[in-house]
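S.K.: After the sequence you'll find the predicted model.
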Amino acid sequence: MSFTFKEGCAGILYGVLVNYLSHATGQSGAGDGNVNTPFNIAVGSNGSIVKSTGSDTINYVVKSSGTTQTLNVVRIQPTVFQPLIMAAGNSGAVVRSTDQGETWFVTPQATSSNLFAVDVGSGAQFCAGDNGVILMSFNMGTNWMVQSSGTTRNLKGIGMYGGLVVAVGEKGTIVRTTNSGQNWINVSLPDTSINLYCVSQRTRQNFNVSDFYIAGSQGRIYKSTDNGATWSLKNSGTTNTLRSIFFSGNDSGAVSGDNGTLRLTTNAGETWFSDPVFAGLTGTITSIAEMPRTTKTFTALSNGNGPYIISENPPFVGINIISSEVPKNFDLSQNFPNPFNPVTNLRFAIQSSEFVNLTIFDLLGREVETLADQELPAGTYTVQWNAANYASGVYFYKISAGKFQQTKRMVLVK
């Protein structure tokens, strides 16, 4: 089994697991009516589908997909009421669910090619696979239209943002559309020695622009800041093949791949670094997923044979970079708002690349939570602390970055 977040890539053997944290409001059609009901979906060989449930434990329940074809990838589109879930696999198999993965419907077969990528929007859905096949539907696969992608090369990843769609594959293949698939433009890499396996998308705040990221062999990561029209190479810090890439926050993301490779970014993919939490990983890490539960966030990985839990804490904590400009001084700002209930923002600036630790303490000096514990390049950052699980009172937050240390006081009022 392998796992991936919504923006991640297809795993192998036992598919991918994606996370959904519903925002049900108790209205008709809102699932079981519970607010913030988490679940995950995994897919794999012989049409296997497994749903994980539970609050602070992870339980697996096998579901019937209606197909015996290997399912290679699954995606979830959150909605106000029910999430739209779609999985794709070999011999053109596509199945869908609209009831949080409880029941599945086999959509009409539109191709005999193996499918390795799917992305699901509320308006359109896309699949991609071997022989340059791209399928599009406007009705969750009730009807599929075969697109003219302009390539016969095998496609391995696809990502979308509104009417913008990017698909990638072998020999540096990149095709994109700006009109929901009416026509496709070839913007492939000149280097045909690179195979591309995955696509991720990150929407910039206050801009009607989406950054796209693709990754593949030789440790290559490319970033586009113009909706996939042009691509710039980023230094991933590895030459191992990268199989999955996703972003969990505005600027925080991860890639995983061969030989136990797992790299992280906190500055929108400009630089990538390792985390000691994942030291000693082996095998092909086909994917990585955050699995939020009521009071914990599990981190699940897969080496293609099965899932395993690395930590109860996510490897990155949603640190967002405000500016990559080198600040004049090291600084820890007063949190805002203050007093707060239950969320507050912490801002800090580091003048040089340093290992940064940002930790919360209670009034007795006991460590409450660590918000950052990693290498960060020079810049100004914010990180959010959610104190929903803590009692009202005075708390302190302390930063250590090289020789710089500073502590400030904040007040939680419920």
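M.R.: Okay, I see it.
S.K.: Any stretches of this structure with poor pLDDT?
M.R.: Along the chain, segments meeting pLDDT under 70 span 1-38, 53-59, 78-82, 203-209, 248-250, 276-277, 279, 288-318, 324.
S.K.: Just want the most central residue of it.
M.R.: Closest to where the C-alpha atoms of the chain average out (C-alpha atoms, centre = their mean) is F246, at 3.4 Å.
S.K.: Just list whatever residues bridge to that residue.
M.R.: F246 has these beta-bridge partners by DSSP bridges: A254.
S.K.: and what of A349?
M.R.: Assigned bridge partners for A349, using DSSP bridges, are D331, T380.
S.K.: mind listing what it touches?
M.R.: 327, 329-331, 333, 379-381 (C-beta atoms under 8 Å, 6 or more residues apart in numbering). Yep, even glycine has a C-beta here, placed from its N, CA and C like the rest.
S.K.: F361 too?
M.R.: With contacts defined as C-beta under 8 Å, 6+ apart, F361 is in contact with 367-368, 395-398.
S.K.: What subset of these is buried?
M.R.: 368, 395, 397 (16 or more other C-beta atoms under 10 Å).
S.K.: hmm, back to that, same list, the contacts of F361, but as TSV with secondary structure please.
M.R.: Output for the contacts of F361, formatted as TSV (DSSP: H, G, I helix; E, B strand; the rest coil):
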residue	secondary structure
E367	strand
V368	strand
Y395	strand
F396	strand
Y397	strand
K398	strand
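S.K.: Quick one: residues contacting N195.
M.R.: 156, 169-172, 216-217, 241.
S.K.: Kindly apply the preceding question to V413 instead.
M.R.: Residues near V413 by C-beta under 8 Å, 6+ apart: 339-341, 392.
S.K.: May I see the PyMOL selection of the buried members of those?
M.R.: Of the contacts of V413, the buried ones can be selected in PyMOL as follows, counting by 16+ other C-beta under 10 Å:
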select buried, resi 340
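S.K.: Out of the contacts of V413, which two sit at the greatest distance?
M.R.: F340 and S392 (10.6 Å; C-beta to C-beta).
S.K.: Can you list which of the contacts of N195 are found in strands?
M.R.: Under the assignment DSSP state E, these contribute 156, 169, 216 to strands.
S.K.: what's the distance between D251 and G132?
M.R.: The gap separating D251 from G132 is 33 Å, by C-beta to C-beta, to the nearest Å.
S.K.: and what of T151?
M.R.: 4 Å.
S.K.: So for those two, which residues contact both of them?
M.R.: Common neighbours of T151 and G132 (C-beta under 8 Å, 6+ apart) are G169.
S.K.: about what we covered before: which among the contacts of A349 end up buried?
M.R.: 330, 379-381.
S.K.: Make JSON lines from those and add distance to L233 to it.
M.R.: As requested, the buried ones among the contacts of A349 are exported to JSON lines (distance: C-beta to C-beta, whole Å):
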{"residue": "F330", "distance to L233": "31"}
{"residue": "G379", "distance to L233": "21"}
{"residue": "T380", "distance to L233": "26"}
{"residue": "Y381", "distance to L233": "25"}
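S.K.: Who are the contact partners of V168?
M.R.: Neighbour list for V168: 155-158, 174, 196-199, 214, 216 [criterion: C-beta under 8 Å, 6+ apart].
S.K.: Just give me the closest of those to G141.
M.R.: Using C-beta to C-beta, the contacts of V168 come closest to G141 at I158, 14.7 Å.
S.K.: Quick check: closest non-adjacent residue to that closest one.
M.R.: Closest residue to I158 apart from its sequence neighbours, by C-beta to C-beta, 6 or more residues apart in numbering: A117 at 4.0 Å.
S.K.: So what's the residue count around the one you found?
M.R.: Residues lying near A117 (other C-beta atoms under 10 Å) number 26.
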